[in-house]
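Q: sequence unknown, structure follows:
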Ligand SMILES: [Cu+2]
């Protein structure tokens with residue numbers, strides 16, 4: 001069969017090429033048709049801020065759904081102003097695992113690995129400013145796009161005198177995993193000021209037979225930070241160090257120390273409460289008008305550090321931050337000790353931040369009451385997450401009324 005098919009295909013190919021050449025020659029004196037604008041992908045969101053006035057800043061997001069992971073971000077770009085270009089901030093960002101060990105030693109659930117589906121979203125989920133999204137035109141809606149007022153952005157006196165105030169807004173993209181008795185809300189927030197928020201919310205019915213057994217919900221995230229593109233991103237650990245002694249010459253010598261992450265190589269770091277440990281990603285080739293390099297800080301928001309010792313696969317919980325090179329096939333939090341084994345450089349490269357945002361669930365009667373063998377009630381949502389915050393992306397306060405005619409002049 002092969003010997004017959006190949007010549008047939010070749011003949012069709014040659015004929016098509018001849019038609020194409022003839023067509024081109026025949027049309028050469030006609031005006032060229034304007035190329036069609038590329039169609040907006042179904043999973044693209046472009047959101048300008050503020051939503052009720054002239055555009056000042058904007059986000060462009062590509063999102064996706066993936067079985068088990070729920071809602072993921074594929075790429076995200078930010079615009080600092082109407083005349084600015086899109087600057088990339090994120091590549092692939094997702095919840096990589098949700099680890100739920102119970103106090104008595106079992107069960108120990110890995111809730112992403114069970115491939116739970118997303119819940120179908122309804123207008124009640126989306127709320128008054130939300131929109132239901134589908135990953136295919138014929139699919140049920142599983143993602144919500146929503147604008148929320150985020151309260152005060154700033155308040156203070158302007159140089160010209162007078163107290164001013166401004167409220168902020170955020171674009172949320174979220175979905176909800178249907179994890180048997182539990183529901184996990186996976187939420188990405190893109191604020192008007194360039195901040196990105198990541199939150200995992202746990203709600204649902206407490207586990208049957210262990211309704212009042214304390215346990216953890218560890219949100220284990222994988223964030224491919226791509227500051228102005230994937231290349232030339234370097235990761236640092238930043239800590240606030242207080243002097244250890246109260247001797248006069250030691251006092252008032254608190255300092256901030258910024259060091260290459262793990263000596264500039266793949267590996268891990270721990271969060272120390274007294275040091276306010278956080279990560280900083282810097283692209284020193286992208287500078288603002290003042291010459292400062294663009295950076296984003298990963299700021300933890302946590303109740304505590306989760307450590308679990310149920311065998312090899314729980315070694316990934318022994319540290320709060322991990323950094324690897326970006327390798328698209330490496331998306332499994334459990335394998336982090338293997339991913340970092342070669343200690344490849346994480347300076348001036350394409351890097352991925354991995355972060356544990358744990359939540360301790362101590363059941364209470366508000367989670368529900370037992371009627372016979374059945375729990376009647378629902379645990380209200382508890383959130384755990386972290387923030388990515390821009391540093392020197394702007395060269396002055398964003399979303400502040402500098403003089404619009406003479407931008408260098410202070411005042412409204
Ligand atoms: Cu729980």
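A: Sure, I can see it. These numbers come from a predicted model, not from an experiment. Numbering: from 1, shown residues only.
Q: CA atoms for contacts and neighbours, from now on please.
A: Will do.
Q: Any regions of the stretch 201-350 of the chain where pLDDT drops low?
A: Applying pLDDT under 70 to the stretch 201-350 of the chain picks out residues 246-252.
Q: If we use 80, what do you get?
A: Applying pLDDT under 80 to the stretch 201-350 of the chain flags the ranges 244-252.
Q: how near is the nearest residue to residue 342 once chain neighbours are set aside to residue 349?
A: Leaving aside its sequence neighbours, residue 342 sits nearest to residue 266 (CA to CA, 6 or more residues apart in numbering; 7.6 Å). Per CA to CA, to the nearest Å, residue 266 is found 11 Å from residue 349.
Q: Compare the two (neighbour count), which wins?
A: Between residue 266 and residue 349, residue 266 has the larger neighbour count (other CA atoms under 10 Å), namely 25 against 18.
Q: What separation do you get for the more buried one and residue 321?
A: Using CA to CA, residue 266 is found at 11 Å from residue 321.
Q: Then residue 50?
A: 34 Å.
Q: Neighbour count for those two, which is higher?
A: Neighbour totals were compared for residue 50 and residue 321, and residue 321 leads with 26 against 17 (other CA under 10 Å).
Q: who's in contact with the more buried one?
A: For residue 321, the contacting residues are 268, 269, 270, 271, 353, 354, 355, 356, by CA atoms under 8 Å, 6 or more residues apart in numbering.
Q: rerun that using 6 Å as the cut-off
A: Neighbouring residues of residue 321 by CA atoms under 6 Å, 6 or more residues apart in numbering: 268, 269, 354, 355.
Q: so which strand or helix has the last one?
A: This means residue 355. Per DSSP states H and E, residue 355 falls inside strand 351-361.
Q: Could you please name the strands the helix or strand following that strand pairs with and the direction of each pair?
A: Next along the chain after strand 351-361, taking DSSP H and E as the criterion, comes strand 369-371. Partner strands for strand 369-371, per DSSP bridges, with pairing direction: strand 374-376 (antiparallel).
Q: Count the neighbours of the residue nearest to residue 368 when sequence neighbours are not counted for me.
A: Once flanking residues are discounted, residue 368 sits nearest to residue 377: 3.9 Å by CA to CA, 6+ apart. By the criterion of other CA under 10 Å, residue 377 has 15 neighbours.
Q: now residue 377: how far from residue 109?
A: Per CA to CA, residue 377 is found 22 Å from residue 109.
Q: just the helices in the stretch 251-400 of the chain please.
A: Using DSSP state H, counting those that start in this stretch, the helices of the stretch 251-400 of the chain run over 336-339.
Q: related to what we said a few turns ago, contacting residues for the residue nearest to residue 342?
A: Counting by CA under 6 Å, 6+ apart, residue 266 touches 323, 324, 340, 343, 344, 346.
Q: Now the phi/psi pair for it, please.
A: Main-chain dihedrals, residue 266, degrees, to the nearest 10: phi -50, psi 140.
Q: Ok, residue 125 next?
A: The phi and psi torsions at residue 125 (degrees, to the nearest 10) take the values phi -60, psi -50.
Q: Residue 320 reaches residue 354, doesn't it?
A: No. In this structure, residue 320 is not within contact of residue 354 by CA atoms under 6 Å, at 8.1 Å.
Q: what about residue 239, neighbour count?
A: Residue 239 has 20 nearby residues by other CA under 10 Å.
Q: wait, isn't it in contact with residue 254?
A: No. The criterion here is CA under 6 Å, and residue 239 misses it with residue 254 at 10.5 Å.
Q: Quick check: buried residues in the longest strand belonging to the chain?
A: Criterion DSSP state E: the longest strand present in the chain is strand 163-179. Across strand 163-179, burial judged by 16 or more other CA atoms under 10 Å covers 168, 169, 170, 171, 172, 173, 174, 175, 176, 177, 178, 179.
Q: How about stretch 59-79?
A: Going by neighbour count (16+ other CA under 10 Å), the buried part of stretch 59-79 is 59-65, 68-79.
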